[in-house]
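Trainee: I need the structure of the sequence given here:
(chains A and B)
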Number of protein chains: 2
Amino acid sequence: MSTQQDVIDVATRARAASLVLALATRAQKDAALLAMAQALLDRSEELLAANAEDVARAVADGTAANIIDRLRLTRERLDAMAQGLRDVAGLPDPVGEVVRGSTLPNGLELRQLRVPFGVVGMIYEARPNVTADAAGICLKSGNAVLLRGSSSARSSNAAIVAVLRDAAAETGLDPDAIQLVPGDTHDSVKALMRARGHVDVLIPRGGAGLIRSVVEESTVPVIETGVGNCHVYVDRAADLDQALSIVLNAKTHRTSVCNAAESLLVHADVADEFLPRVVTALQEAGVTIHGDGRFQAHDGVLPATDDDFEREYLSLDISAAVVADLDAALAHIRRFSSKHSDAIVTADQQAARRFAAEVDSAAVLVNASTRFTDGGEFGFGAEIGISTQKLHARGPMGLPEMTSTKYVVTGDGHVR
Amino acid sequence: MSTQQDVIDVATRARAASLVLALATRAQKDAALLAMAQALLDRSEELLAANAEDVARAVADGTAANIIDRLRLTRERLDAMAQGLRDVAGLPDPVGEVVRGSTLPNGLELRQLRVPFGVVGMIYEARPNVTADAAGICLKSGNAVLLRGSSSARSSNAAIVAVLRDAAAETGLDPDAIQLVPGDTHDSVKALMRARGHVDVLIPRGGAGLIRSVVEESTVPVIETGVGNCHVYVDRAADLDQALSIVLNAKTHRTSVCNAAESLLVHADVADEFLPRVVTALQEAGVTIHGDGRFQAHDGVLPATDDDFEREYLSLDISAAVVADLDAALAHIRRFSSKHSDAIVTADQQAARRFAAEVDSAAVLVNASTRFTDGGEFGFGAEIGISTQKLHARGPMGLPEMTSTKYVVTGDGHVR
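Mentor: From the prediction side, this is the model:
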């Protein structure tokens, strides 16, 4: 049997499950989520054993230590996964929410309601916790989910899905609402991308290469997530203490995440005063600066190329340049930003207004760290990813972003 | 120069125009729309002359009379196009609308604002009025638009775009916000579909073949529109007078539109009473019925195949079947509906609730004609098309659906 047929088969079962799940009450869905959370704890031995297989394989393959760390499950991480599911249970049900409603002049009642997509495909890398997070968010939003994690986590993912399915089934939900995509090779990813009509939306989560290939090859509609070449622009009117603290936080608070700053721009008028301070502080924090000519005047600053300004380092590196003015900063961001999150530090209201209006990114931050672009920080309670596309959802995606809508029009024999 | 490069060139100019248009005030945009409306009237001679070339070519090519009718411009149609632009000027500006806003626990101010997509590509067939409609809706929503009409309307479209650009330029807007895609062949459509990064969203409007090819081939995100295999289901608890009037209206009010009914389902319990009435009434209105065995017992009813149940006739034809119960009706609709608009006629509240919940279509109508699924009827004031996909927009798309959003996060030196 071909991989394409395998994927269509699981998608067909997911579709059947989704039709019932779409009608489930919040109480039913929350009961399943709480049972799933408890099952992760009750069956932690078997999950840790499965994960140990993945870790042993990765070690034997000579995988880098930081990748192995992301792959590894611990009791603490299982606790966090379980808590994540309980948190989702505590969130309002997006399904059925009336987004818009009115009585038309002819007496027709018009309501636009949130409804699930149906079948969601998730393609993601290393971290096995995404398996539980995605299953929980999809279940709560009434969607069946097809999970395609990385082959390096295959034993962990299979064990987690088995545990979640058993728990969902015990509460009366169809376990086919949560399924792994069969097959370890790239063929199964391809088959998922070709399952138009069977899968309603695909969400890739991972590195730039993965996301680019899904966006370009998929005939299933895609929500693009998470590549972040984020800028901090220090304006001439910046409070330089604030600017220093924001730059340090945005760059060093956590380097491997998409909302970390990767590029620093400084207005020429404050460069003489700010550059010595920011270079020293970044270097003391272990950051390697890839700078333009002005920055290179400082010890230890490496020269920056266009490649540096384009790069999402995800490490203790930052590109840096002095810009003549706000216009030059806006032009630089227009050219290099990945349109995720860009920040300005300024006390000048007009500069802040222009930056917010003219920077075309999912999130624009004024006197705040780029690290705040996050579903948790925004108060969404759960996040399936951060969309960097303009269709459907942009920025952190919570439960409402995992739904479509439907119009229900009620009349009394109305005709035109 | 290759067609791909031609398209990238116009898209690049459109991008530059879009950056300025995104910041235009409502007053500026409305002034341009009113000037564009007036210019269509002032320069009607040259528009009618250009259109006469298209009509003459179509006649010489032996084009069908109904297609020629759709292609033809008249003074009345120019008046309607101008009125359309004035109507759009009268609508609220979606750009800048705060969709969501709150102050987070840490004091950060979070606002989610509507912003334009940027550059929109429209691919559409015969009717030249779409050229003005699309230009008006895109301009009001702050988007630059690349228009690719059918080659049969090329003289008309070129003349309309020239008039609209001149008028926009006179009010100070960059005319490159409204451009024709160069080239008459399918290569230019292909080039548009491959212009990812240069074009933010593609909206195909036209027949099923056009839409399918765009959806399958485009690497630019697509909003799928308008194929409608719409059902009317007459429940056992229907008021049969209402049912008759809704079926007739949905089928015969206008046959060439996507919200016309193409299929009739009748509950077995009311078939004996309703079939003679509905068959006679439809036939008297000139409708050809393609029916199942029960319908074929009536004179003049042709046999229906699965192809009939799948078909969007867009003509005075309807497929028809008797179903055992509501479940059978739901199963039939699940199998054959294009998920545009489906209606139930019933006095039974529970049947109406189940139908509304379980039919997975952009619009579900209860005791109302499918013809009501329309931006004008819904009170949107303008409509760029009816989305039949689940991402971004579903159902009639007005001005708000032509926007993305952006988060603006304002702090006071906030760090995590």
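Trainee: Surely residue A:208 touches residue A:229?
Mentor: No - using CB atoms under 8 Å, residue A:208 makes no contact with residue A:229, being 9.5 Å away. (C-beta placed from N, C-alpha, C; glycine too.)
Trainee: Which one's more surrounded, the two?
Mentor: More neighbours surround residue A:229 than the other of residue A:208 and residue A:229, with 24 against 16 (other CB atoms under 10 Å in any protein chain shown).
Trainee: residues contacting that one?
Mentor: Contact analysis of residue A:229 by CB atoms under 8 Å, 6 or more residues apart in numbering or on different chains lists A:262-263, A:310-312, A:336-338, A:340.
Trainee: Then residue A:233?
Mentor: Residue A:233 touches A:265-267, A:323, A:329, A:333, A:342-345, A:355, counting by CB under 8 Å, 6+ apart.
Trainee: Name the residues linked to it by a beta bridge.
Mentor: With DSSP bridges applied, residue A:233 shows beta-bridge pairing to residue A:265, residue A:344.
Trainee: Relative to residue A:346, how far out is it?
Mentor: Distance, residue A:233 to residue A:346, using CB to CB, to the nearest Å: 8 Å.
Trainee: so what's in contact with the two at the same time?
Mentor: residue A:355.
Trainee: Skipping adjacent residues, who's closest to the residue in the stretch 251-400 of chain A positioned nearest to chain B in space?
Mentor: When distances are taken as CB to the nearest CB, the stretch 251-400 of chain A reaches nearest to chain B at residue A:368, 3.3 Å away. In this structure, residue A:368 finds its nearest non-sequential neighbour in residue B:411, 3.3 Å apart by CB to CB, 6 or more residues apart in numbering or on different chains.
Trainee: Backbone dihedrals for whatever residue of the stretch 1-150 of chain A ends up closest to chain B, please?
Mentor: Closest to chain B within the stretch 1-150 of chain A is residue A:117: 5.3 Å, counting by CB to the nearest CB. Phi and psi for residue A:117, reported as degrees, to the nearest 10, are phi -60, psi -50.
Trainee: mind checking pLDDT for it?
Mentor: Per-residue confidence (pLDDT) for residue A:117: 97.
Trainee: can you tell me how far the closest residue to it other than its chain neighbours sits from residue B:308?
Mentor: Among residues not flanking residue A:117 along the chain, residue A:200 sits closest, at 4.3 Å (CB to CB, 6+ apart). Per CB to CB, residue A:200 is found 27 Å from residue B:308.
Trainee: the more surrounded of those two?
Mentor: residue A:200 (25 against 22).
Trainee: Contacts only, for the more buried one.
Mentor: So residue A:200 contacts A:117-120, A:143, A:220-221, A:404, B:390 (CB under 8 Å, 6+ apart).
Trainee: Let's test this: mean pLDDT of the lengthiest strand in chain A, rounded?
Mentor: When chain A is parsed with DSSP state E, its longest strand is strand A:403-414. Regarding strand A:403-414, the rounded mean pLDDT is 98.
Trainee: Just checking: what are the partner strands of it?
Mentor: strand A:109-116 (antiparallel), strand B:363-368 (parallel).
Trainee: all helices for the stretch 201-350 of chain A, in order.
Mentor: Residue ranges of the helices in the stretch 201-350 of chain A, as given by DSSP state H, counting those that start in this stretch, are A:208-217, A:240-252, A:268-284, A:293-296, A:306-310, A:326-336, A:349-358.
Trainee: Identify the residues contacting the longest helix along chain A?
Mentor: Secondary structure of chain A read by DSSP state H shows that its longest helix is helix A:3-21. Under the criterion CB under 8 Å, 6+ apart, residues A:29, A:116, A:118-119, A:139, A:142-146, A:173-177, A:179-183, A:185, A:187-188, A:190-192, A:194-195, A:198-199, B:334, B:358 lie in contact with helix A:3-21.
Trainee: go with 7 Å
Mentor: Residues from elsewhere that reach helix A:3-21 (CB atoms under 7 Å, 6 or more residues apart in numbering or on different chains): A:116, A:118-119, A:142-144, A:146, A:173-174, A:176-177, A:179, A:181-183, A:187-188, A:191-192, A:194-195, A:198-199.
Trainee: Strands - which of these land there?
Mentor: Per DSSP E, the contacts of helix A:3-21 map to strands at A:116, A:119, A:144, A:146, A:179.
Trainee: which of those residues has the most neighbours?
Mentor: That'd be residue A:144 among those, by other CB under 10 Å, with 31 neighbours.
Trainee: Which positions are bridged to that residue in the beta structure?
Mentor: Beta-bridge partners, per DSSP bridges, of residue A:144: residue A:119.
Trainee: From what I see, it and residue A:174 are in contact.
Mentor: No - judged on CB atoms under 7 Å, residue A:144 makes no contact with residue A:174 at a distance of 8.4 Å.
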